[in-house]
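K.L.:
Give me a model of this one.
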Amino acid sequence: MQPRDTIHQQRRMQWSVNADVDYPCRAQVDGQVWHLRLNDFPEAPRYSLLINGEVVQDIEDWPPAWQRPAHP
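P.N.:
Have a look, this model is predicted:
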């Protein structure tokens, strides 16, 4: 069985731009709201993944399965 964080990172998904600069990316996944939070890199991991407002993991590098949002 894969660790939960690996499962999140392997899921193919498209992120959209969010208006909040601290949480610049948003996605709707199986009825849940996912956000990426920008952290104080390099003192902290680059991103934190939040699902329905709860931090579920920290992420150093953008997962290859995730499509970055198109910035306006």
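
K.L.:
Next, the buried residues of stretch 61-72.
P.N.:
Within stretch 61-72, the residues scored as buried using 16 or more other Cβ atoms under 10 Å are 63, 66, 69. To be clear about C-beta, it is placed using only N, CA and C from the backbone, and glycine gets the same treatment.

K.L.:
Please disregard the earlier target; I meant stretch 42-51.
P.N.:
Those would be 46-51, for stretch 42-51 by 16+ other Cβ under 10 Å.

K.L.:
now the helices: where do they sit in this protein?
P.N.:
For the chain, applying DSSP state H gives helices covering 4-10.

K.L.:
Residue nearest the middle of it, spatially speaking?
P.N.:
Leu36 (3.6 Å; Cα atoms, centre = their mean).

K.L.:
low-confidence ranges in the protein?
P.N.:
1-6, 72 (pLDDT under 70).

K.L.:
Where strands are concerned, which of the buried residues of stretch 61-72 count?
P.N.:
Trp66 (DSSP state E).

K.L.:
Switch the buried residues of stretch 61-72 over to TSV; also include distance to Val17.
P.N.:
Converted to TSV, the buried residues of stretch 61-72 look like this (distance: Cβ to Cβ, whole Å):
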residue	distance to Val17
Pro63	18
Trp66	14
Pro69	5
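
K.L.:
CA atoms only for stretch 11-29, dumped as CSV, please.
P.N.:
The C-alpha coordinates for stretch 11-29 follow below in CSV (Å, rounded to 0.1, in the frame of the first residue of the first chain):
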residue,chain,number,x,y,z
ARG,A,11,-3.1,11.8,-9.0
ARG,A,12,-3.5,13.4,-12.4
MET,A,13,-5.2,16.8,-11.9
GLN,A,14,-5.5,20.3,-13.2
TRP,A,15,-5.0,23.2,-10.7
SER,A,16,-6.7,26.6,-11.2
VAL,A,17,-5.5,30.0,-10.2
ASN,A,18,-6.8,31.1,-6.8
ALA,A,19,-7.1,34.9,-5.9
ASP,A,20,-5.4,34.4,-2.5
VAL,A,21,-1.6,34.9,-2.9
ASP,A,22,-0.8,32.7,0.1
TYR,A,23,-2.9,29.9,-1.5
PRO,A,24,-2.3,30.5,-5.2
CYS,A,25,-3.7,27.1,-6.5
ARG,A,26,-7.1,25.5,-6.0
ALA,A,27,-8.7,22.3,-7.3
GLN,A,28,-12.0,20.4,-6.8
VAL,A,29,-11.3,16.7,-6.3
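
K.L.:
Alright, I will stop here.
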